[in-house]
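**Q** only geometry, no sequence info:
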Ligand SMILES: Nc1ncnc2c1ncn2[C@@H]1O[C@H](COP(=O)(O)OP(=O)(O)O)[C@@H](O)[C@H]1O
Ligand SMILES: [Mg+2]
């Protein structure tokens, strides 16, 4: 019989897949969230997931956006989708049965489907409506990480992600309105901490689409660091055409053109995320 170690944020052993034995435990969950559209959530979800796989982690990317860009960006054809995040949310299938393999070794995706656009309304009257995703994910699974690509709003779908997740990655586009609306996100996080998920925190704030030739990018980066301090990742994702081309080939930028500055930045980010994870683990051990 498989032994399922009890869940502990990070001190539980990560899943190790070897020819001899597979240890299954609850994965760490990171939600990629910002209610603004076009800030780089999906791009970050795909490439951070790929970067983690590149160092041997096993990752599940759950596409919670009805637009399904994370699914198509990983080469999943909409017509081929049989089980989706919608089915997981409504308990029709479990996560493992809905997960499909991608071209990236170690990376699996639970795709989005058109049904997800109606889920918001259906959730309103569903029992335990804020906990649907948490109950689906907080279970032993054969992944080290689950990444959730959130929709561009603070609706019940995003609320489900915030209730389910351990920590949040907030991408911010280096543009004039970057900080606008963030207080709303921060208040929502505080509300979720208070009522549903006390250990929720912000893993990090990620500056995206940085253009070094543009003075505004520098000013925004400076303001964001003043506002969020150490929470801002040292890695900055540059604006890079290879990053924006990659999804049309159904590939992460890291696979499409590994040498491009955008891909290199995401590889760097994966390293920084894992470094923070180790720091969190040490804090958990000390406490
Ligand atoms: N670093 C980048 N360089 C160039 N284009 C980018 C970069 N990051 C994202 N994009 C492009 O910007 C658009 C919005 O990004 P996306 O990740 O879909 O944002 P969101 O998921 O927040 O809506 C997409 O067309 C994407 O390809
Ligand atoms: Mg998106």
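**A** Sure thing, it's come through. Just so you know, these numbers come straight off a predicted model, no measurement behind them. Ligands and ions are numbered 1, 2, ... in the order given.
**Q** quick one: contacts for residue 265?
**A** Counting by C-beta atoms under 8 Å, 6 or more residues apart in numbering, residue 265 touches 235-238, 240. The C-beta positions use only the backbone N, C-alpha and C, and glycine is treated the same way.
**Q** residue 100 now?
**A** 76, 108-111.
**Q** gap between it and residue 85?
**A** Here the criterion is C-beta to C-beta, to the nearest Å. By it, residue 100 lies 12 Å from residue 85.
**Q** what touches both of these two?
**A** Common neighbours of residue 100 and residue 85, using C-beta under 8 Å, 6+ apart, are 110-111.
**Q** and the helices in this structure?
**A** Counting by DSSP state H, the chain forms helices over residues 41-54, 69-73, 85-89, 95-98, 116-124, 132-137, 156-164, 182-195, 215-228, 241-245, 253-256, 261-286, given from the N-terminal end onward.
**Q** please work out which of these is packed deepest.
**A** helix 41-54 (a mean of 27; mean count of other C-beta atoms under 10 Å).
**Q** report the mean per-residue pLDDT for it.
**A** Here the mean pLDDT over helix 41-54 is 98, rounded to a whole number.
**Q** now the angle from that helix to helix 261-286?
**A** Taking axes from the mean of the first three to the mean of the last three C-alpha atoms, to 10 degrees, helix 41-54 and helix 261-286 form an angle of 70 degrees between their directions.
**Q** how about helix 41-54, does it get close to ligand 1?
**A** Yes: where contact is defined by C-beta under 6 Å from any ligand atom, part of helix 41-54 touches ligand 1, namely 41-43.
**Q** and what of stretch 255-264?
**A** Yes: remark: stretch 255-264 sits within contact range of ligand 1 at residue 262, by C-beta under 6 Å from any ligand atom.
**Q** what's the span of that stretch, first residue to last?
**A** Start-to-end span of stretch 255-264 (C-alpha to C-alpha, to the nearest Å) is 11 Å.
**Q** include distance to ligand 1 and pLDDT when you put the contacts of residue 100 into a markdown table, please.
**A** As requested, the contacts of residue 100 are arranged in a markdown table below (distance: C-beta to the nearest ligand atom, whole Å; pLDDT from 0 to 100):
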| residue | distance to ligand 1 | pLDDT |
| --- | --- | --- |
| 76 | 15 | 96 |
| 108 | 19 | 98 |
| 109 | 15 | 98 |
| 110 | 17 | 98 |
| 111 | 15 | 98 |
